[in-house]
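Asker: Whatever this is, show me its structure:
(one chain, ligands or ions: 2)
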Amino acid sequence: MKIAIAGAGAMGSRFGVKLQQAGNAVTLIDNWAAHVQAIQANGLVVTKDGHDTVVPMTAALPQDVHSTFDLVILFTKAMQMDHMLQELKAQLSNQPAVLVLANGIGNVETIERYVPQQNIVAGTTVWSSSLTGPGHITVTGTGSISLQAIAPDQFHDLDRIVDTLNGAGLKASPAPDVLAAIWKKAGLNSVLNTYCTLFDCNIAEFGALPNWRELTAGVLDEFQAVAAAANVAFDAQADTDLIAAQFAPDKNGDHYPSMHQDMANRRPTEIDFLNGYVAQLGQKLRVPAPNNALLTQLIHSQEALHGIA
Ligand SMILES: NC(=O)C1=CN([C@@H]2O[C@H](COP(=O)(O)OP(=O)(O)OC[C@H]3O[C@@H](n4cnc5c(N)ncnc54)[C@H](OP(=O)(O)O)[C@@H]3O)[C@@H](O)[C@H]2O)C=CC1
Ligand SMILES: CC(C)(CO)C(=O)C(=O)O
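Answerer: Numbers count the residues shown, from 1 in each chain. Ligands and ions are numbered 1, 2, ... in the order given. Below is the predicted model of the structure:
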């Protein structure tokens, strides 16, 4: 398959390598010029278990991409997605399938402004990765992907996408209810990303806290109440189990969540698409979500203290 990874930071690069190694023609597209130039000049450096591998890859700034693709995988941050879609309008006019696996709630609504519903596939992933510097990622653990077409009756290529991802060892499977899957992942991120950032710890260290279950329930019980009012299926207990499954080192125990990486790199976080989204929706639906509102304020305060606009 001819695949564009639009947003080739930590995750986009990790997925790009795996898809290329499985025989796909992959182009990494990103707006960070130093990152693109480093890959063009030296290849992408992937550090795993202390060993570096250099992978030659095609990388380009969005304005320098002139080919068309069968599949565009969107892996920007939630707040960069609109801009990336605008930049790729010419490529999107060729009607590729567009797959989004970025974290946060509300990405599909952004994509629908540029891509017909029948071409959109959405999902979530618990793979992880860190962007260590321009042209350099560090990876640990393994993960999986859940995905579904937004208009399943009109999209007939899901099996091909699932097979392509699985051919690259990415462990993909169709989700019966994609909105429920997105909320489930957002619940996990609203616990792990937010607390690990505030406590400056990795996922295993959060899991070792004696009160991790109370901290988790404070977030997820509110998610469940807001989800019920919004007619979205959400099970706080199932999400707690998914969170507990991340603590092992061969899963995501050694990983510092992407929000922690953003704060460390002095970059804006996705908090408004996670706890902040649920706090705001709760306000609109008259379902109180004070813990999520407070956590949103705490992260924004930390951003301000770090000088992040
Ligand atoms: N990292 C992870 O383990 C996981 C992340 N996700 C989700 O995947 C999506 C993509 O996240 P992720 O891959 O972590 O994103 P990254 O932060 O690695 O990269 C996103 C973009 O931010 C910019 N950027 C990042 N770091 C720098 C820097 N130091 N200097 C300049 N620009 C920089 C680049 O684009 P630009 O120049 O255009 O700003 C880059 O494409 C998000 O929704 C995230 O929540 C999901 C699962 C796990
Ligand atoms: C915590 C993790 C790895 C879960 O997959 C994630 O989504 C992130 O770092 O943003």
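
Asker: Quick one: list the elements packing against the helix or strand hosting residue 159.
Answerer: Here residue 159 sits within helix 158-167, counting by DSSP states H and E. Packing partners of helix 158-167 (3 or more C-beta pairs under 8 Å, 6 or more residues apart in numbering; DSSP states H and E): strand 145-149, strand 172-174. The way it works is simple: take the backbone N, C-alpha and C, and place the C-beta from them, glycine included.

Asker: The helix or strand just after the last one close to ligand 1?
Answerer: Using DSSP H and E, the helix or strand that follows strand 172-174 in sequence is helix 178-199. No - under the criterion of C-beta under 6 Å from any ligand atom, helix 178-199 makes no contact with ligand 1; the nearest approach is 6.8 Å.

Asker: Residue 170 and residue 145: what is the separation?
Answerer: Applying C-beta to C-beta, to the nearest Å, the value for residue 170 to residue 145 is 6 Å.

Asker: Equivalent analysis for residue 25, please.
Answerer: 20 Å.

Asker: Neighbour count for these two, which is higher?
Answerer: Taking other C-beta atoms under 10 Å, residue 25 and residue 145 do not tie; residue 145 has more neighbours (23 against 14).

Asker: Isn't that one up against residue 169?
Answerer: No - using C-beta atoms under 8 Å, residue 145 is not in contact with residue 169; the gap is 11.0 Å.

Asker: re earlier: residues shared between the contacts of residue 170 and residue 145?
Answerer: Taking C-beta atoms under 8 Å, 6 or more residues apart in numbering as the criterion, residue 170 and residue 145 both touch 125, 127.

Asker: and the nearest residue to residue 47 once chain neighbours are set aside, what are its bridge partners?
Answerer: Nearest residue to residue 47 in three dimensions, chain neighbours excluded: residue 138, at 4.4 Å (C-beta to C-beta, 6 or more residues apart in numbering). Here residue 138 sits in beta bridges with residue 47, residue 130, going by DSSP bridges.

Asker: who's in contact with residue 138?
Answerer: With contact set as C-beta under 8 Å, 6+ apart, residue 138 has these partners: 46-48, 129-130, 132.

Asker: what's the distance between it and residue 46?
Answerer: 8 Å.

Asker: Now do the SS call for residue 99.
Answerer: Here residue 99 is recorded as strand under DSSP: H, G, I helix; E, B strand; the rest coil.

Asker: Surely it and residue 73 touch.
Answerer: Yes - between residue 99 and residue 73 a contact is recorded at 4.9 Å, counting by C-beta under 8 Å.

Asker: Enumerate the residues of the chain near ligand 2.
Answerer: Residues of the chain lying close to ligand 2 (C-beta under 6 Å from any ligand atom) are 103, 126, 128, 189, 192-193, 252, 255, 257-258.

Asker: Inside helices: which ones of the residues you listed?
Answerer: Residues of the residues of the chain next to ligand 2 located in helices (DSSP state H): 189, 192-193, 258.

Asker: out of these, who's nearest residue 64?
Answerer: residue 258 (26.3 Å; C-beta to C-beta).

Asker: How much space separates the closest one from residue 14?
Answerer: For residue 258, the distance to residue 14 (C-beta to C-beta) stands at 12 Å.

Asker: In three-state terms, how would the nearest residue to residue 86 once chain neighbours are set aside be classified?
Answerer: In space, and not counting its chain neighbours, residue 86 is closest to residue 114: 7.4 Å by C-beta to C-beta, 6+ apart. At residue 114 the chain is in coil, as set by three-state DSSP.

Asker: Counting neighbours, what do you get for the one residue in the chain that gets nearest to ligand 1?
Answerer: Closest approach between the chain and ligand 1, counting by C-beta to the nearest ligand atom: residue 9, at 2.0 Å. A total of 23 residues lie near residue 9 under the criterion other C-beta under 10 Å.

Asker: would you say residue 53 is within a strand?
Answerer: Yes - counting by three-state DSSP, residue 53 is located in a strand.

Asker: and the helix or strand bottoming out on mean pLDDT in the chain, which residues are buried?
Answerer: Every helix and strand of the chain was ranked by mean pLDDT, DSSP states H and E. The lowest is helix 89-92, at a mean of 94. Residues of helix 89-92 classed as buried: 91-92 (neighbour count, 16 or more other C-beta atoms under 10 Å).

Asker: So which residues make contact with that helix?
Answerer: Applying C-beta under 8 Å, 6+ apart, the contact partners of helix 89-92 are 4, 65, 67-69, 72, 85, 98, 114-115.

Asker: change it to 10 Å
Answerer: For helix 89-92, contacts defined as C-beta atoms under 10 Å, 6 or more residues apart in numbering pick out 4, 6, 27, 29, 62, 65-69, 72, 85-86, 98, 111, 114-116, 119.

Asker: Can you pull the residues of the stretch 51-200 of the chain lying near ligand 1?
Answerer: Contact residues (C-beta under 6 Å from any ligand atom) of the stretch 51-200 of the chain with ligand 1: 75-78, 80, 102-104, 125, 128-129, 131.
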